[in-house]
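K.L.:
Take a look and give me a structure for this.
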Amino acid sequence: MRSIRLFALVLCFLFGAYGWFLGRIPTFVDDATSPTDGIVVLTGGALRLDEAAAVMAEGRARRLLVSGVSTDSGPEDIRERLSALSDETFRCCVDLGYQARNTVGNAEEAAAWAVAHGMKTLRVVTAAYHMPRTLVELHRALPGVTLVPHPVFPERVFESGTLPPVTAPLEFAKYTMALIRQRLADLTPASAGRVVAPIDSEPSPAKTEQLSPARPETTP
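P.N.:
Residues are numbered from 1 along each chain as shown. Sure thing, here's the model as predicted:
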């Protein structure tokens with residue numbers, strides 16, 4: 001009987017935590033107009049790049065980082081996907097990050113970039129269901145920077161008004177791991193981020209700048 005009660009308590013806790021997580025997924029952009037020092041957009045969907053370019057084109061930030069760019073994509077490929085930006089803005093104010101391969105890497109890459117440019121405020125563009133985990137990872141890597149979430153809503157994910165049955169539990173599990181990493185941040189040294197400014201040729205190691213972010217602190 002005791003084991004059944006314990007099992008029931010664990011289930012209640014998990015269902016409660018899952019419901020709390022779903023409640024943290026944004027359903028609209030809470031602050032779409034405040035200017036920030038920079039914008040970081042996490043690759044993974046066309047809407048993300050479109051939205052980041054639109055915000056940048058309106059002059060709401062001085063630099064844009066596209067984090068997690070595939071090594072198969074050159075600057076000209078990203079330029080085509082940032083059609084809202086002028087050529088001048090793209091050349092002067094857009095940076096491409098080739099190091100990140102997951103959300104943890106995105107956070108470290110963004111941290112290196114933000115520290116290098118002395119940024120205090122950062123607008124974060126990614127899918128709404130991905131936003132809670134992204135903010136946790138970025139807060140861990142950039143504890144002194146104000147983050148402004150700017151979610152996008154892919155139709156293939158939100159067409160029914162809710163997350164697909166597989167996406168939501170998987171994202172909840174990853175979010176839980178992100179919270180654990182946040183609590184253990186004082187034991188995890190930061191790795192260097194890598195960004196490269198847009199150029200006319202393919203990215204190469206010689207044209208890549210290595211940046212070392214400040215060591216993340218543990219937030220209470």
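K.L.:
How many neighbouring residues does residue 41 have?
P.N.:
29 (other C-beta atoms under 10 Å). The C-beta positions use only the backbone N, C-alpha and C, and glycine is treated the same way.
K.L.:
That one and residue 181: what is the separation?
P.N.:
Remark: distance between residue 41 and residue 181 (C-beta to C-beta, to the nearest Å) = 22 Å.
K.L.:
Following the longest helix along the chain in sequence, what is the next regular element?
P.N.:
In the chain, assigned by DSSP state H, the helix with the most residues is helix 2-24. Where DSSP states H and E defines the elements, the next helix or strand beyond helix 2-24 is strand 38-42.
K.L.:
which ones are touching residue 118?
P.N.:
By C-beta atoms under 8 Å, 6 or more residues apart in numbering, the contact list for residue 118 reads residue 37.
K.L.:
ok so it is a helix residue?
P.N.:
No: per DSSP: H, G, I helix; E, B strand; the rest coil, residue 118 lies outside any helix segment and is coil.
K.L.:
Can you list phi and psi of it for me?
P.N.:
phi 60, psi 40 (degrees, to the nearest 10).
K.L.:
in the longest helix of the chain, what's buried?
P.N.:
Buried residues in helix 2-24, counting neighbours by 16 or more other C-beta atoms under 10 Å, are found at 18, 21.
K.L.:
Tell me which other helices or strands that helix touches.
P.N.:
Secondary-structure packing of helix 2-24 (3 or more C-beta pairs under 8 Å, 6 or more residues apart in numbering; DSSP states H and E): helix 167-183.
K.L.:
in the helix it packs on, what's buried?
P.N.:
For helix 167-183, by 16+ other C-beta under 10 Å, it's 168, 171-172, 174-176, 178, 181-182.
K.L.:
Can you name the residues that contact residue 30?
P.N.:
Residue 30 sits next to residue 149 when contact means C-beta under 8 Å, 6+ apart.
K.L.:
same thing but 10 Å
P.N.:
Taking C-beta atoms under 10 Å, 6 or more residues apart in numbering, we find residue 30 in contact with 148-151.
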